[in-house]
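Fold the following for me, if possible:
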Amino acid sequence: MRAITYESFGPASDVLALEDIPDPAPARGEVLVRLHTSGANPSDVKMRAGGRPGVTRPPFPKIIPHSDGAGVIEAVGDDVSDDRIGERVWTWNGQWQRAFGTAAEYIALPASQAVTLPDNVGFEAGAVLGIPGLTACHAVLGDGQVEGKTVLVSGGAGTVGHLAIQVAAASNARVLATARGKAGLAAAESAGASHAFDYASDTLADEILECTHGNPVDRIVEVEFGKNAETNARVIAERGTIAAFGSALDMTPTLPFYPLMFKSVTIKLLLIYLLSPEQRERTIKDLTALLLQEALEFRISDKFDLADCAMAHDAIAAGGRAGSVILTI
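Modelled structure (predicted):
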């Protein structure tokens, strides 16, 4: 099969190579997926570049990158029903703690990591479900339904934020969001936010509380935990929750401890790769329900051929995207 591989960290064009390698075979409990698309995420780019703290060399001699993808099951291993052959699926954790991910024609992985793709969802959208889709869904619904609550989504024009707004709106929450620029604010509002605020405003907390008539928000979906800690401490409700999945601009934040403590705020740091089996099952169930309702719009900013994987990584590293980056295979 054709596959993108790398054996050392470095710039995408230097280390990523297109190779022909043997097709994988499904082991006991596994399925073999013929991939149609592969989703490239910022975490994939950071790993390939050697950007994870304390990781000085790749964890495997040869790596096929990417955890997300979508395709059709072509074969199954022992203990997996033959009924799954021909099933359209999307994948999660394809390359998490495993050598071979989805930037290839085939992937063999545990059957539970290939989830049925509803008939109304295409393979391109399927390549966005593993990391962005599950992160957005878990960040909003990880502690139960949010109907009637006020949810603030930070970075509402980003891939996860844009989906999180839609998840919250479809769950009958009142949704507020932050974004930047005319296009970003418009994207957040079109996704379902009743009001979008410029996250760079010096009076952001005041603007949010003015919009809510002084009522604090129940849940915050946070992409920049450290940078927004002070604002969030002001606008969060008593016993509210901050569900944070990123803090790239301040990786060693100083917290306003007492303002948060005296509201008994729950801070949840989310890493979608490490959901418990129970959390994973519930989040997939919630996500599938939203897909069947056609409640989610997936924005694809760039599509590249498999051979152009380095260009896909560079597009992500450059920033400024208005959607996900995928490979077509």
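
So which residue is smack in the middle of this protein?
In the chain, the centroid-proximal residue (C-alpha atoms, centre = their mean) is Pro132; its distance is 1.9 Å.

Contacts for the longest helix seen in the chain next, please.
Criterion DSSP state H: the longest helix present in the chain is helix 277-292. Residues from elsewhere that reach helix 277-292, judged by C-beta atoms under 8 Å, 6 or more residues apart in numbering: 92, 115-116, 118, 120-121, 129, 133-134, 137-138, 141-142, 166-167, 170, 275, 296. Using the backbone N, CA and C atoms, a C-beta is placed for each residue, glycine as well.

Buried ones among the residues you listed?
Using 16 or more other C-beta atoms under 10 Å as the burial test, those include 92, 115, 121, 129, 133-134, 137-138, 141-142, 166-167, 170, 275, 296 as buried.

secondary structure element for the closest residue to Ala157 other than its chain neighbours?
Excluding the flanking residues, the one nearest Ala157 by C-beta to C-beta, 6 or more residues apart in numbering is Gly184, at 3.6 Å. If you go by DSSP states H and E, Gly184 is part of helix 181-191.

Report the buried residues of stretch 119-128.
If you call a residue buried by 16+ other C-beta under 10 Å, then stretch 119-128 has these buried ones: 121, 123-128.

just stretch 184-195 next, same as before
Neighbour-count burial for stretch 184-195 flags 184-185, 187-189, 191-193 (criterion: 16+ other C-beta under 10 Å).

ditto for stretch 13-29
The neighbour-count criterion (16+ other C-beta under 10 Å) identifies 15-16, 18, 24, 26 as the buried residues of stretch 13-29.

Equivalent analysis for stretch 102-118, please.
Buried residues in stretch 102-118, counted by 16+ other C-beta under 10 Å: 102-115, 117.

ok, of these, which one's closest to Val235?
Val115 (35.2 Å; C-beta to C-beta).

part of a helix, is that closest one?
No. Note on Val115: no helix contains this position according to DSSP: H, G, I helix; E, B strand; the rest coil, which reports strand.

Helices of the stretch 51-200 of the chain, residue ranges please.
Residue ranges of the helices in the stretch 51-200 of the chain, as given by DSSP state H, counting those that start in this stretch, are 123-126, 134-141, 159-170, 181-191.

got JSON lines for those helices, with distance to Leu209 and mean pLDDT too?
Below are the helices of the stretch 51-200 of the chain laid out as JSON lines (distance: least, C-beta to C-beta, whole Å; pLDDT from 0 to 100):
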{"stretch": "helix 123-126", "distance to Leu209": "36", "mean pLDDT": "98"}
{"stretch": "helix 134-141", "distance to Leu209": "21", "mean pLDDT": "98"}
{"stretch": "helix 159-170", "distance to Leu209": "19", "mean pLDDT": "98"}
{"stretch": "helix 181-191", "distance to Leu209": "18", "mean pLDDT": "97"}
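
coming back round to it: between the helix holding Gly184 and helix 159-170, what angle do the directions make?
Following axes from the mean of the first three to the mean of the last three C-alpha atoms, to 10 degrees, one obtains 40 degrees for the angle between helix 181-191 and helix 159-170.

Can you give the contact residues for helix 181-191?
153, 156-157, 161-163, 165-166, 169, 177-179, 195-198, 297, 322.

Just the buried residues out of those residues, in PyMOL syntax.
Burial among those is assessed by 16+ other C-beta under 10 Å; the matching PyMOL selection reads:
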select buried, resi 153+156+157+161+162+163+165+166+169+177+178+179+196+197+198
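
check contacts around the closest residue in space to Asn41 that isn't next to it in sequence.
Nearest residue to Asn41, sequence neighbours excluded (C-beta to C-beta, 6+ apart): Ile131, at 4.9 Å. Contacts for Ile131 (C-beta under 8 Å, 6+ apart) come out as 39, 41, 43, 67-68, 92, 272.

distance between the helix holding Gly184 and the chain's centre?
19 Å (C-alpha atoms, centre = their mean, to the nearest Å).

How many residues are close by the residue lying closest to Ala164 once chain neighbours are set aside?
Distances taken as C-beta to C-beta, 6+ apart put Ala136 closest to Ala164, at 4.1 Å, once the chain neighbours are dropped. Burial of Ala136, expressed as a neighbour count using other C-beta atoms under 10 Å, amounts to 31.

quick one: contacts for Ala136?
160-161, 163-164, 166-167, 221.

And for Gly126?
When contacts are counted by C-beta under 8 Å, 6+ apart, Gly126 touches 37, 69-70, 88-90, 117.
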